[in-house]
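Student: Starting from these lines, generate the structure:
(3 chains)
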Amino acid sequence: MITVSVKTGSRKDMIDVTGHIKKAVSEAGLSNGLAVAYVPHTTAGITINENADPDVVRDIIAHLNKMVPPDGKYKHAEGNADSHIQASLMGSSVTVMVEGGSPVLGTWQSVFFCEFDGPRNRKLHIELIEKS
Amino acid sequence: MITVSVKTGSRKDMIDVTGHIKKAVSEAGLSNGLAVAYVPHTTAGITINENADPDVVRDIIAHLNKMVPPDGKYKHAEGNADSHIQASLMGSSVTVMVEGGSPVLGTWQSVFFCEFDGPRNRKLHIELIEKS
Amino acid sequence: MITVSVKTGSRKDMIDVTGHIKKAVSEAGLSNGLAVAYVPHTTAGITINENADPDVVRDIIAHLNKMVPPDGKYKHAEGNADSHIQASLMGSSVTVMVEGGSPVLGTWQSVFFCEFDGPRNRKLHIELIEKS
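Tutor: Alright, predicted model coming up:
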């Protein structure tokens, strides 16, 4: 298991971590199998989406804030209930296939660490499973 | 890794792809392990839900359109920001267990490719991991 | 594959199932790899979030009911369309890494079985994949 640090820049932020996954696969010399990226936090998530137009990420964040308003009425007293709910909507891990030594991503796909209660210094775990 | 084609029929569509996964498991002769189905697109996703009553799928699509309106106000200029957001809500992959040569699905479960910006010809990747 | 029973207590409920995953890993003697927990139902899901303050879970349930109202207008005639939609929003499985014989969870993370149409007696499947 590899653990990398992810520095986020604002309360809601999406950071492209595709490079970390590619590097982990390459350094481990994994040819074929799976790469799993896992977020060990409860106010952050992970998702796969487009990184060509930065407006896509802006729309995702803006709309998650519309569906789960930061200033909504919640019971959790720490003021970050919205962050917990958004984290569960995005999920804690993504699984990507590895073929011929590289992660198999679609043309427009990048893996994004989703910060929902930043800015913070976060961790991302990456595990590689070889296809037997 | 197996790649299959999925032809979708409308802008928002859910296509049962369970048969593709069963066939991949059967043809590979996998007895026990995991089957991962992965969508290499950023305006499509994948989910597991009921295929007995087609109204379930209709309700899922209708409600995703209510939560993330196609005619909402977004920055992304291509007119498919709703599709990107819906894709992240459903996710890019599902993982299913394989036991005794078959995917382990609940009585009512089917795997659905979720089209959010169709109709299009799409791809679905399937990877099988044997339990050692 | 291990299957455990999960008894849920109300129509919408989140049950901490982390102990089942830890026990499965420990009993199998798995040192390093992945643990996948899978829900074989279409009106229940699974997610990872905080179990320190029970208000977090209450907020997640309350907000899912706000985004997908149980008394909304749906086509599915069984009266549980909300449960199906909420199940797809949370997802059917979680993947957790295993290192040194234990699941790797963040300080605040627990794995929750999400009941969206209970109370019922449910099943949860756990599969362990060893890193070769």
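Student: Close to chain B: what parts of chain A are there?
Tutor: For chain A, the contact set with chain B under Cβ under 8 Å from any Cβ of the partner chain comprises A:32-34, A:47-50, A:53, A:55-56, A:58-60, A:62-64, A:67, A:89-91, A:94-97, A:99, A:104-109, A:129, A:131-132. Where C-beta positions appear, they are placed from N, C-alpha and C, glycine not excepted.
Student: Recalculate using a threshold of 7 Å.
Tutor: Residues of chain A lying close to chain B (Cβ under 7 Å from any Cβ of the partner chain) are A:34, A:47-50, A:53, A:55-56, A:58-60, A:63, A:67, A:89-91, A:94-95, A:97, A:99, A:104-106, A:108-109, A:129, A:131-132.
Student: Could you list which of the residues you listed belong to helices?
Tutor: Cross-referencing the residues of chain A next to chain B against helices under DSSP state H gives A:Asp55, A:Val56, A:Arg58, A:Asp59, A:Ile60, A:His63, A:Met67, A:Leu89, A:Met90.
Student: so can I have CSV of the residues you listed showing pLDDT, neighbour count and distance to C:Ala77?
Tutor: Converted to CSV, these look like this (pLDDT from 0 to 100; neighbours: other Cβ atoms under 10 Å in any protein chain shown; distance: Cβ to Cβ, whole Å):
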residue, pLDDT, neighbour count, distance to C:Ala77
A:Asp55, 98, 17, 40
A:Val56, 98, 28, 37
A:Arg58, 98, 16, 40
A:Asp59, 98, 22, 35
A:Ile60, 98, 27, 34
A:His63, 98, 23, 31
A:Met67, 98, 18, 27
A:Leu89, 98, 25, 27
A:Met90, 98, 23, 32
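Student: Taking these together, which two end up most distant?
Tutor: A:Asp55 and A:Leu89 (20.2 Å; Cβ to Cβ).
Student: Now for the one residue in chain A that gets nearest to chain B: which residues touch it?
Tutor: Residue nearest to chain B within chain A: A:Gly106 (3.2 Å; Cβ to the nearest Cβ). By Cβ atoms under 7 Å, 6 or more residues apart in numbering or on different chains, the residues touching A:Gly106 are B:Pro40, B:His41, B:Thr42.
Student: related to what we said a few turns ago, in JSON lines: the ones in helices among the residues of chain A next to chain B, plus distance to C:His125.
Tutor: Below are these laid out as JSON lines (distance: Cβ to Cβ, whole Å):
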{"residue": "A:Asp55", "distance to C:His125": "40"}
{"residue": "A:Val56", "distance to C:His125": "35"}
{"residue": "A:Arg58", "distance to C:His125": "38"}
{"residue": "A:Asp59", "distance to C:His125": "36"}
{"residue": "A:Ile60", "distance to C:His125": "31"}
{"residue": "A:His63", "distance to C:His125": "33"}
{"residue": "A:Met67", "distance to C:His125": "30"}
{"residue": "A:Leu89", "distance to C:His125": "23"}
{"residue": "A:Met90", "distance to C:His125": "23"}
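Student: Also within reach of chain C: list those from these.
Tutor: Within these, those near chain C by Cβ under 7 Å from any Cβ are A:Met67, A:Leu89.
Student: Pick out whichever of the ones in helices among the residues of chain A next to chain B sits closest to B:Met14.
Tutor: When those are compared against B:Met14 (criterion: Cβ to Cβ), the nearest one is A:Leu89, at 18.8 Å.
Student: Verify the stated contact: the closest one with B:Leu89.
Tutor: Yes - using Cβ atoms under 7 Å, A:Leu89 is in contact with B:Leu89, at 6.2 Å.
Student: Would you map the strands across chain A?
Tutor: In chain A, the strands defined using DSSP state E lie at A:2-7, A:13-16, A:33-38, A:44-50, A:93-99, A:102-103, A:109-115, A:121-130.
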